[in-house]
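K.L.:
I'd like to go over a predicted model; first the sequence, then the structure.
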Amino acid sequence: MMVSRRSVLTGGLITLASSLIPRKAFSTVKDLLLPERSLFFYNTYTGETLQESYWSDGQYITDVLNDINHIFRDHITETIEAIDTNLLDLLFALKEKMKITEPFHIVSGYRSPQTNAKLRKHKKGVAKNSLHMYGKAADIRVPGYSTKALRMAAIDLQGGGVGYYPRSGFVHLDVGELRYW
């Protein structure tokens, strides 16, 4: 079969155009395929668990989002902020990709600016303008799944930043810029 210059150019333009579509646009296809999204969480500091569907029939469920905000709260100041639904969708995608049935252990969810500043004084690697302060990041682990495997699957999803902390036993996920460390 002979390939024409026109077909090569057309294919290249289609590839270029599809790369310009924001990642968020691809979630609409997923929305049509899955009638429900559920997550299972365990807060490592408070011992609380939550297992609920946060999205059903094409929309987020406000009461469940409030429950998620509570379990992700800053356990030091007891401050509750909204967790970005894109982060929840990223966790859901990770759950589906790895066929996770165990709860996501939340090592760090939302962080108040006060808690973040305190952590910066005592630990290396805590960002001054951490996405945790905006409800856009979570540090997680999952029993029965290596942090290395979680990291690789999260990188493959390309949903945002992925940090790997094998000594501390968790993976950082955020819905900011694509970057890996």
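P.N.:
Perfect, thanks for sending it. Here the structure is a predicted model, which means the values were calculated and not measured.
K.L.:
could you list the low-pLDDT ranges of the protein?
P.N.:
Within the chain, the segments meeting pLDDT under 70 span 1-33.
K.L.:
who touches stretch 106-124?
P.N.:
Where contact means C-beta atoms under 8 Å, 6 or more residues apart in numbering, the residues beyond stretch 106-124 that reach it are 41-44, 69, 71-74, 76-77, 79-81, 83, 126, 128, 130, 132-133, 135, 137-141, 168, 170. Placement of C-beta: from N, CA and C, glycine included.
K.L.:
what distance separates the opening and closing residues of it?
P.N.:
Here the two ends of stretch 106-124 are set 20 Å apart, with distance taken as C-alpha to C-alpha, to the nearest Å.
K.L.:
follow-up on the earlier one: just the buried residues from the contacts of stretch 106-124, in ChimeraX please.
P.N.:
Filtering these down to the buried ones (16 or more other C-beta atoms under 10 Å) takes a single ChimeraX command:
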select :41,42,43,69,71,72,73,74,80,81,83,126,130,132,133,135,137,138,139,140,141,170
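K.L.:
now, which of the contacts of stretch 106-124 lie within strands?
P.N.:
The members of the contacts of stretch 106-124 that map onto strands under DSSP state E are 41-43, 137-141, 170.
K.L.:
how about residue 79: which residues does it bridge to?
P.N.:
residue 74 (DSSP bridges).
K.L.:
from now on call the first residue 551
P.N.:
Understood, numbering begins at 551; the last thing we discussed is residue 629.
K.L.:
surely it and residue 623 touch.
P.N.:
Yes. The criterion here is C-beta atoms under 8 Å, and residue 629 meets it with residue 623 at 6.3 Å.
K.L.:
for the helix or strand residue 714 falls within, name the packing helices and strands.
P.N.:
Applying DSSP states H and E as the criterion places residue 714 in strand 711-715. In terms of contact count using 3 or more C-beta pairs under 8 Å, 6 or more residues apart in numbering; DSSP states H and E, strand 711-715 is assigned the packing partners strand 687-691, helix 697-707, strand 720-724, strand 729-730.
K.L.:
kind regards, and thank you for your time.
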